[in-house]
Each structure stands twice: as C-alpha cells, then as structure tokens.
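Undergrad: sequence plus predicted model, see below.
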Amino acid sequence: MARPVYVVFEGIDGAGTTTHARLLAEKLRLLGYCVELVEEPSKDVVGGVIRHMLRHGPFHQDVLALLFAADRLLLQRSLEERLQGRSCIVVSDRSWISSLAYQTCELFPYAVDADWVYIVNKYAWRPDILVYIDVEPLIAFRRLASRGRVRELPETLAALRALRESYRHVIQRVSRVVPVVLWVEGSRNGVEKPIDKLSREIAVRVLAAIKYSEHRGALDSDE
Ligand SMILES: Nc1ncnc2c1ncn2[C@@H]1O[C@H](COP(=O)(O)OP(=O)(O)O)[C@@H](O)[C@H]1O
Ligand SMILES: Cc1cn([C@H]2C[C@H](O)[C@@H](COP(=O)(O)OP(=O)(O)O)O2)c(=O)[nH]c1=O
C-alpha cells in the first residue's frame, strides 16, 4: 500500500512553520500533486484541549506530551482512512519533533526526557522530509508580539532562546532517523529572509527531495 510522503516543518514559535507549510502545500498542488495539509495541534477534540491548556494552563509538559501524541495519532489514522492507500504528500506544520524540542525543555514545568517522547510517539509517522526553519529568537519574538500573541510560556524571549538551543540538539538527534533534513536559514544577523524568497527556496529543496525519493522508490520496486 502506498504510504504518503510526510513533509514536516519545525521551528520555534514565530519561525513561520504555519506560513511556510501552507505555502508549500499550495505550490505542490499547483504542480499537480495530491496534497493534504495538516496542522498540529489539530482542530479536533484533543487539539481543542491542548489549545485550552496552552492558553490557560497548567503548562505541564508530561500531560502535554501525552495529549500531543494522542492528537497526532488520531489525525494520522483519520488521514490514512481517508487516503485509502492513494499516494499523496502530507505537509504538516509540526510533528513529534516539536515534542522532542518543547516537552523536554528544562525551562518548562514537568519537562520529560527524550526517550519517553519517542516511546509515546512510537506509532506516529516518521517524517520523510524535515524542514527546520531557523530564525533568531528576537525576530520570532517581535513577530509574535506584533500579533499580540506573546503567551507567558513558551513565547518569552528567554523561552524562545532555550527552544532554539533545544532544536539544535534535536535536529542532530533526529537526522539519524529522518532521511532528509533541510535546515533553512530564516534570518541572519537580525535580518529576516522575505517570505517569498524563503518559500521558493523551500519548494525547490523539497521538490528535489521528493523527486529523489520517487526515483529511489522506482528503483526499489524494480529490484
Ligand atoms: N520569512 C518571513 N519573513 C517575514 N515574516 C514572516 C516570515 N515567515 C513568517 N512570517 C510572519 O511571521 C508570523 C509568524 O508566522 P507563523 O507561520 O504563524 O509562525 P509559527 O507557526 O512558526 O509560529 C506571521 O505573521 C507571518 O506572516
Ligand atoms: C506539535 C507540538 C506543538 N507544541 C507547541 C508549539 C507551539 O508553541 C504550540 C502550537 O501552537 P500554535 O498556536 O499552533 O503555534 P504555531 O503556529 O507556532 O505552531 O504547541 C508542543 O509543545 N509540542 C508538540 O508536540
């Protein structure tokens, strides 16, 4: 049964994961691919509980890790049922890699260890392509502030700095299990890369990775 190609975006809050997941999905659709765009947390029941907790607390990472894992499994199962084995590209803003970066961050209460995140996400899809958008914390913070969206946690400047550090380790760690890791620079020396330019760069790199995996798939099925 054909499995969807699973492309995930990761980055600290305000890095642009939502924006660029949507733009990539649009571009791939225009090229004729079947594309499903998913966002985590979902708009379903468990996603709603998560959003409530993120807004009102308690900000307990152990509980959040379980809820995020459950939300993700529900989302992926309903997608599998809907796709019925049709080949498709699933573009997601965030994945269990966010749990590795956020729920293990020592700055937050009841942080968990990475091994436990792996265990509770054992049955979640493994990304085929990971796009990590690296943005300097001050830029991300300004973006969040300009949208009036600075929640106490995890969107303080100190938390954004800690999360970027956490991602540095996480990206290294997951490159052992994720076949394609695309590290994209969203800003440099306090200057952000314009959305259009970044989006084009991401599309070109993701497309090259998709074509490569299609080629590998064709070779594998010839064997
Ligand atoms: N490359 C970019 N340059 C300028 N602004 C950007 C860029 N990428 C995203 N933004 C803006 O930054 C804000 C945060 O983006 P968003 O996609 O919601 O981030 P995230 O989902 O990672 O928290 C949005 O207002 C978006 O328009
Ligand atoms: C998927 C996931 C997200 N998160 C966090 C990242 C964000 O702070 C928040 C998602 O809220 P959301 O408002 O959707 O933020 P964004 O637009 O940045 O994705 O949840 C986790 O802590 N663990 C996870 O497993």
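TA: Arrived safely. Ligands and ions are numbered 1, 2, ... in the order given.
Undergrad: so who does the spatially most central residue of the chain touch?
TA: Residue closest to the mean C-alpha point of the chain, counted by C-alpha atoms, centre = their mean, is Arg94 at 2.0 Å. Neighbour list for Arg94: Val8, Phe9, Glu10, Thr17, Glu39, Glu40 [criterion: C-beta atoms under 8 Å, 6 or more residues apart in numbering]. Just so you know, the C-beta spots here come from the backbone N, C-alpha and C atoms, and that holds for glycine as well.
Undergrad: from these, which is closest to ligand 2?
TA: Glu40 (3.8 Å; C-beta to the nearest ligand atom).
Undergrad: the closest one and Val8, how far apart?
TA: Using C-beta to C-beta, to the nearest Å, Glu40 is found at 9 Å from Val8.
Undergrad: quick check: buried residues in the lowest-mean-pLDDT helix or strand in the chain?
TA: Lowest by mean pLDDT, DSSP states H and E among the helices and strands of the chain is helix 152-155, with a mean of 75. For helix 152-155, burial by neighbour count (16 or more other C-beta atoms under 10 Å) applies to Pro154, Glu155.
Undergrad: next secondary structure after it?
TA: The helix or strand immediately downstream of helix 152-155 is helix 157-174, counting by DSSP states H and E.
Undergrad: helices or strands up against that following helix?
TA: helix 96-102, strand 129-134, helix 137-146, helix 152-155, strand 180-185 (3 or more C-beta pairs under 8 Å, 6 or more residues apart in numbering; DSSP states H and E).
Undergrad: closest one to Arg29 among those?
TA: strand 129-134 (16.7 Å; C-beta to C-beta).
Undergrad: wait, does the closest one contact ligand 2?
TA: No - if you take C-beta under 6 Å from any ligand atom as the test, strand 129-134 misses ligand 2, and the best it gets is 10.8 Å.
Undergrad: any residues touching that strand, and which ones?
TA: 5-11, 15-17, 20, 24, 95, 97, 164, 167, 171, 174, 178-187, 198, 202, 205-206, 209-210, 213.
Undergrad: derive a PyMOL selection command for the buried subset of those residues.
TA: Selecting the buried subset of the contacts of strand 129-134 in PyMOL, with 16+ other C-beta under 10 Å as the burial test, is done by:
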select buried, resi 5+6+7+8+9+10+11+15+16+17+20+24+95+97+164+167+171+174+178+180+181+182+184+186+187+198+202+205+206+209+210
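Undergrad: so what's Asp93 bridging to?
TA: Going by DSSP bridges, Asp93 is paired in beta bridges with Phe9, Glu39.
Undergrad: does it touch Thr17 like I think?
TA: Yes - counting by C-beta atoms under 8 Å, Asp93 touches Thr17, with 4.4 Å between them.
Undergrad: residue ranges in this structure under the pLDDT threshold?
TA: Applying pLDDT under 70 to the chain flags residues 1-2, 150, 152, 217-223.
Undergrad: neighbours of Leu100, how many?
TA: For Leu100, the neighbour count with other C-beta atoms under 10 Å is 24.
Undergrad: surely it is in contact with Ile119?
TA: No - with contacts counted by C-beta under 8 Å, Leu100 stays clear of Ile119, the gap being 11.9 Å.
Undergrad: picking up where we left off before, turn the helices and strands packed on helix 157-174 into TSV, including distance to ligand 1.
TA: Shown next, in TSV, are these (distance: least, C-beta to the nearest ligand atom, whole Å):
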stretch	distance to ligand 1
helix 96-102	10
strand 129-134	7
helix 137-146	4
helix 152-155	9
strand 180-185	10
